Every structure is written in C-alpha cells, then in structure tokens.
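J.: Pasting a predicted model and its sequence here:
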Amino acid sequence: MPARTLSVARAVARAAAWAGLPAPLRQRLALASTGSRHLAQAGSLCLGLARTADDAVDPAERARLSALAVDLLLWACGENPFSGPLATEILSVPDLPLPEPSRAALAAVAAHWCLPDAPEGSRGKGGGLAYFERLAKQRDTAKLAAFLAGQVAKAPAALFWREKALGLSLYAADPDARASLEATALDGLEHDSACADLAPAIAALRAQAAFLRGDTAACLHELASLGPERGNPFGPGFAPARTGLALLAAGDDAQALPHLFQALSAAPWQASLALVTADAVSGLRRARTPMPGPTLVLLYTWNKAADLDATLASLFASDLSVAGGRARVLVLDNGSTDHTPQVLATWAGRVGEALLRVTLPVNIGAPAARNWLAALPEAMAAQFLVFLDDDVDLPPDWLGRLGAAQAQHPQAGVVGCKVADHHAPHLLQNVAGHLVIPQDVPEDRPDLDFQSLTPNPFRLLDAHLHGPDWGLFDFIGPCASVTGCCHLFRRAALEAPAAAGGGFSLALGPSQYDDFERDLRMLCGGAHAVYQGHLRVRHRKRSGLAGQETGASGPNVTGANVTGVNLTGVNAQGNRYKMQTLHPRAEIAQHIANQSERLEAHLNDRLALLDAQAPDDIVLHQGEHGA
C-alpha cells in the first residue's frame, strides 16, 4: 500500500467526551471496555437509555445514544466475528441505525451460522455436537481437531464448526496444531461467492491469528482491510485500536501512539484503551522500580515437585534486586510426600542462604500456610512480602514491575498482576478484579439465600475470559481484588486487624478464595488493591477446555470462571459459598459504589494526561502500518 498521510484532529478533549457519556454506561465501561459479551451488554444498556428517555430529551441526544450503542455492538462483533447468535440478536433490533457495510457483514455471519440439526425423532444434541462435547470433556485435542476438520469439510460454508475450531486453536500449545486449526476455521471461505460478505469477519480473525503468532506485518495487512475504505464494518475505532495494540505488542510505541489516539477520537467510550495509551505516553508501560526496602518472597507447596522446581528456576533466574540488597526466598513444604524435599535441598545447594526452608509434617491448608509464613521471624523483619504460587513462570523483571506499581500507589493494600495460561499465554486467567452483581439476579432476592449455591451472588468481572488478550488489560490501576497467584503486600497490611484485611481466613481451608476474601476485608478497612497489567505471570494450572459454551454468547474459549479456579471441585464451591455468607449484600453494594468512584477518578486522571500531552493534530504516516 502506498504511503499516505492521515490527519487526526482532536475535536474534543477526551475527558470531556468521556464525561458526556451517561453515568450508567461510564460505570460499566470503566470496569472494562473489552470482552464481546460485556460490550454487547453495554450496547444493550446504551440502546435502552436511548429508547426509554422521556419526551423532553432532544432527538439529537437520542440519535447520539443510538449511534453509540451501534458502535459498542459492532466492536463486540469485532471481538467475536463468527458469533452467529450475536449477529442475529443485533440484526433483530428494530430501527437500529447500522451502517450498510456492517449490516451486510452481520447478515452474512447470521446466515451461515446455525446449530447442528438433531436426528429426526431425537430429543438430544445432533449433528455431532454431543460427540464433540464428550471429546472436549476428555480434553482429546487431536481427536477434536480431526473431528472439526471433518465437520467443516462436510459443510464448508457453515460457521458453527469453524467457530469451534477457532476456540480450540486458542488452546493449542503446539504452533503447528494451532495453525492447522486456524486453517480449518478460516480457509476456503474466500473462494465461495456466497460467502463474499464474510470478508470483514475473516479479515478480523486472520489479523488475530497473525497477532497471536507474532506476525505483526500480516496482522496489520489484514486490519488495513477493516478501515474506512471498507466502511469500518466493526466501527471507526476498531481497526486503528487493534493496529496500535499490535504495534505496542511489537515494541513499536512511537508508531503505535497515533493509531491509539485516532481510535480514542473515534471511540471516546474506550476506557481500557485510554488507560493503555496513558501508560504508554507516561512511561509506566516500561517502568521498573526496585522495592524500596527488605523484601521476602514466600511460597508454600504440597506434592508438586516438578512444578516447584520450574518455578524456582524462573525465580532465581530473575532480577531480585531491592534497595540495599536482594530479596530472599522462603518456601514452606506443606507436608509433601513426593520429591519436594529433594528439590528444595538441591536448590539450597545452588543458591545457599538466598533460599530458606520450613517443613511441616502435614498439609495445614493454604490460608494457614500463608499466615504461618507471614508470622515467621524472617517475614517480620521484612518491609514487603510477596506470595507466589508454586506453579508459575516469572519474567526476569517481575519484581521490578511490582515495584513500579507499588511506587505509583504506595498505600495499596495489595499489588497483583496479570496471570495467563502457561501453554497459551494469550489466554488470561486473572486481571484487575472488579466486583459485579450478575445481571440475572432478581432485585427481590433475599440478602442471603442459604438454599442457593450462590447465597450472595457477587463475583469478579469476567470480560478477560471472552477472548484472547490483545493488550487491553496492560495498565496500572486500582481494583477491588487481585489474584493470590502473585501478589505483593506491605508487611503492615497483613498485620492490620482481621476486619481490615489482616491475615487469611482459616474458614476457607484447605484452599481457594482465601485471597479474594482477604481483599474484601481490606476494602472494609478503606484500602484497595492495585493491578500491574504490565507484568504477565504464566500459570501452569490450566483452565477447563470442556467449558466451551454453545449458547448465544458463543464459545468461552478458556472454560475458566471469574477467578481462574475450577469450580467443579466441592471444596471450591464450598469456599465460595462460605465467602459469600461472610460478606452481606449491603457491604458488597458499598464496595461497588466505592469502586465506581475510584475507577472514575483514576480514568479522569489518565484522560487529563492524554489531553495535556496529545498533540492538537496527530499526523499518521499510513503505509505499512495503515488501518
């Protein structure tokens, strides 16, 4: 494509544009501005505001809200382009002002997506769906891939099985297996004249596949076909945003920023993109800061010798520098009966006094192990404590990344990070934890329904589970909770009274939810968590492949729940139940109200930074990076 110049004028200050959005929409989008289902819900909310406004509302305002709803819904489709149910639902909305290129693209997806037919006279799942789900539960990736290839060959223009192949490709750890599944999902449609209007969906998915394999040039080439020359099928901000994010991921911040500003001008509702852009502009994206005082890294382990060995390898290969010296490591062997003692002895021989060990004769559970570690003399002498899971892979700069977030928010009650699947690091398990109440909870539900598995159904937002990570969670900011897989405390925070977040609850033994519950008590004490999204820790505990969904929202490619924990275990369900009974509805409602205020204040601060530093006229040289 020949180089050309695109001038992006800043027509309105970004902070003012954000403030002009309806408050309920701001509250939802401040939680996250990504995730296909989350954005579809935001679009539905905006459309409802447009159509329920009283007669005194200016028709121009109704039109603005309708156009905003369309943009949100189209972006949701861009994040899940083969979702026939989503496309069908959007097309069913009467008088929705969809641009014609977008309408044609959605109509094509809706027409080519349908559930497999059940055999005549059968009340079960047909067309191979039951067999597919059995294979998924068995996690037999090879058989799944072969089955999907066969189903696509039988009906090349049908998108249902192609969408399943895409979901499975995201889970494939082997690059060749992933490429084969992507080919099953995407190849052949371009040559069918009946599928011509699927071109935008195919381009978006080919761009995603290239992005995930690190082929920036191919990604940008595909995104270029989703720009204004093709009618912006997923909205005017979608292609420039993904172009900028791809360039950021490639380390080309200077080339990325004009595209990101262009996207924010076109989609001022994109709170997540604003946070990412602000950290790139301010330098936080690359910031690393040594911890300002003595730091102790704490692990507890039980019968995971191989995982522990790999974790210690990445830990001792990392930069453990802190002010005045180096962080030390203390491991509690929680009654292991495998080769854990030998692993620890070998590492002690390698690193000497850098590794301290405590051995217990029996497994006392996770919360008790955490409390035991925090009460040891070595921990009492430290200023900062970091808890790590025993099955993680750490980047070399992980501690400096946590230190940068701590330096930005020195009063944080806890600092955590982004946690990703070890084998497929573009699948996220945990990000900034924001409290929400599920939409389907009736208002007249009792404060505590002890007969329900969710007696008080609050949870953490799950937008990060709706698709692969494009970088929209790469920022530092406040939140309600962070995962215990890797989190940093000022020692004083763990010495607070129990009602203000001190210690981990023994009621939640042997494991699961003790970190989340501690964070809820921390919120009661007036502190909050801070999320460091520029630190990605890879977690060897995989989410469930069998959790793919076939409903209107499309496949849940991770199969994980909102905390990255497999809820099929009786213990996890029991601990969730207990946690929800410990924190009444009124308390959670107050936490959510405080959370909204914190997120709004933080976002306004970051938007003000962008308004102060962005040029009035951004000149974008659009050649190989064009969108």
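T.: That came through, no problem.
J.: does Asp519 count as helix, strand or coil?
T.: helix (DSSP: H, G, I helix; E, B strand; the rest coil).
J.: so it touches Phe504, yeah?
T.: No - under the contact definition of C-beta atoms under 8 Å, Asp519 does not touch Phe504, with a separation of 10.4 Å. C-beta here means a position set from N, CA and C on the backbone, and glycine is covered the same way.
J.: wait, doesn't Phe458 sit right on Glu587?
T.: No - Phe458 is not in contact with Glu587 according to C-beta under 8 Å; the separation is 9.6 Å.
J.: Have a look at those two and say which one is more surrounded.
T.: Taking other C-beta atoms under 10 Å, Phe458 and Glu587 do not tie; Phe458 has more neighbours (21 against 16).
J.: Can you pull out the low-pLDDT segments for this structure?
T.: For the chain, residues meeting the criterion pLDDT under 70 lie at 1-12, 53-56, 118-127, 542-569, 614-627.
J.: So which elements touch the longest strand anywhere in it?
T.: Residue-count comparison of every strand in the chain, with assignments taken from DSSP state E, identifies strand 529-539 as the longest. Of the remaining helices and strands, those touching strand 529-539 by 3 or more C-beta pairs under 8 Å, 6 or more residues apart in numbering; DSSP states H and E are strand 392-393, helix 398-408, strand 414-421, strand 476-479.
J.: To Ala158, which of these lies closest?
T.: In this view, the helices and strands packed on strand 529-539 are compared for proximity to Ala158 by C-beta to C-beta, and strand 414-421 is the closest at 28.9 Å.
J.: For the closest one, list the C-alpha coordinates in PDB.
T.: As requested, C-alpha coordinates have been extracted for strand 414-421 and formatted as PDB (Å, rounded to 0.1, in the frame of the first residue of the first chain):
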ATOM      1  CA  VAL A 414      -2.100  -5.300  47.900                       C
ATOM      2  CA  VAL A 415      -0.400  -5.200  44.400                       C
ATOM      3  CA  GLY A 416      -1.100  -8.000  41.900                       C
ATOM      4  CA  CYS A 417      -0.600  -8.700  38.200                       C
ATOM      5  CA  LYS A 418      -2.000 -10.300  35.000                       C
ATOM      6  CA  VAL A 419      -2.000 -14.100  35.100                       C
ATOM      7  CA  ALA A 420      -2.000 -16.100  31.900                       C
ATOM      8  CA  ASP A 421      -2.200 -19.700  30.900                       C
END
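J.: now that strand and helix 398-408, what's the angle there?
T.: The directions of strand 414-421 and helix 398-408 differ by 140 degrees, with axes from the mean of the first three to the mean of the last three C-alpha atoms, to 10 degrees as the criterion.
J.: angle of strand 414-421 against strand 529-539?
T.: Strand 414-421 and strand 529-539 are oriented at 30 degrees to each other (the same axes, to 10 degrees).
J.: neighbours around Ala612, how many?
T.: Taking other C-beta under 10 Å as the criterion, the count of residues near Ala612 is 10.
J.: Okay, and it sits in which element?
T.: helix 585-613 (DSSP states H and E).
J.: How far does whatever helix or strand Ala185 lives in sit from its chain's centre?
T.: When secondary structure is defined by DSSP H and E, Ala185 falls within helix 175-186. Here helix 175-186 shows a centroid-to-chain-centroid distance of 23 Å under the convention C-alpha atoms, centre = their mean, to the nearest Å.
J.: Next SSE downstream of it?
T.: Using DSSP H and E, the helix or strand that directly follows helix 175-186 along the chain is helix 199-212.
J.: Outside of that following helix itself, which residues are in contact with it?
T.: Contacts made with helix 199-212 from outside it, assessed by C-beta atoms under 8 Å, 6 or more residues apart in numbering, are listed as 78, 81-82, 101, 105, 108-109, 166, 169-170, 178, 182, 185-186, 189-190, 216, 218-223, 225-226, 230, 233-234, 242, 246, 249, 426, 468, 470.
J.: and the closest residue to Ala76 other than its chain neighbours, what is it in contact with?
T.: Once its chain neighbours are removed from consideration, Ala76 has its nearest residue in Leu39; the separation is 3.8 Å (C-beta to C-beta, 6 or more residues apart in numbering). In this structure, Leu39 makes contact with Ser33, Leu72, Leu73, Trp75, Ala76, Glu79, judged by C-beta under 8 Å, 6+ apart.
J.: Thr34 touches Asp474, doesn't it?
T.: No - taking contact to mean C-beta under 8 Å, the distance of 11.3 Å between Thr34 and Asp474 leaves them out of contact.
J.: what ranges do the helices span in the stretch 251-400 of the chain?
T.: With DSSP state H, counting those that start in this stretch applied, the stretch 251-400 of the chain shows helices at 253-266, 271-282, 305-317, 340-351, 366-375, 377-380, 398-408, listed in chain order.
J.: before we move on, back to that, report the buried residues of the helix holding Ala612.
T.: Taking 16 or more other C-beta atoms under 10 Å as the basis for neighbour counts, the residues of helix 585-613 that come out buried are 585, 587-588, 591-592, 595-596, 598-600, 602-603, 606-607, 609-610.
J.: and which of those residues is nearest to Ala278?
T.: Distance to Ala278 across these (C-beta to C-beta) is lowest for Arg606, with 3.8 Å.
J.: Now do the same contact list for the closest one.
T.: When the contact criterion is C-beta under 8 Å, 6+ apart, the partners of Arg606 are Ala274, Leu275, Ala278, Asp279.
J.: Any chance of CSV for those, columns neighbour count and distance to Thr289?
T.: Shown next, in CSV, are these (neighbours: other C-beta atoms under 10 Å; distance: C-beta to C-beta, whole Å):
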residue, neighbour count, distance to Thr289
Ala274, 26, 23
Leu275, 27, 19
Ala278, 25, 18
Asp279, 22, 14
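J.: Include distance to Pro341 when you put those into a markdown table, please.
T.: Rendered in a markdown table, the data for the contacts of Arg606 read as follows (distance: C-beta to C-beta, whole Å):
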| residue | distance to Pro341 |
| --- | --- |
| Ala274 | 50 |
| Leu275 | 45 |
| Ala278 | 48 |
| Asp279 | 43 |
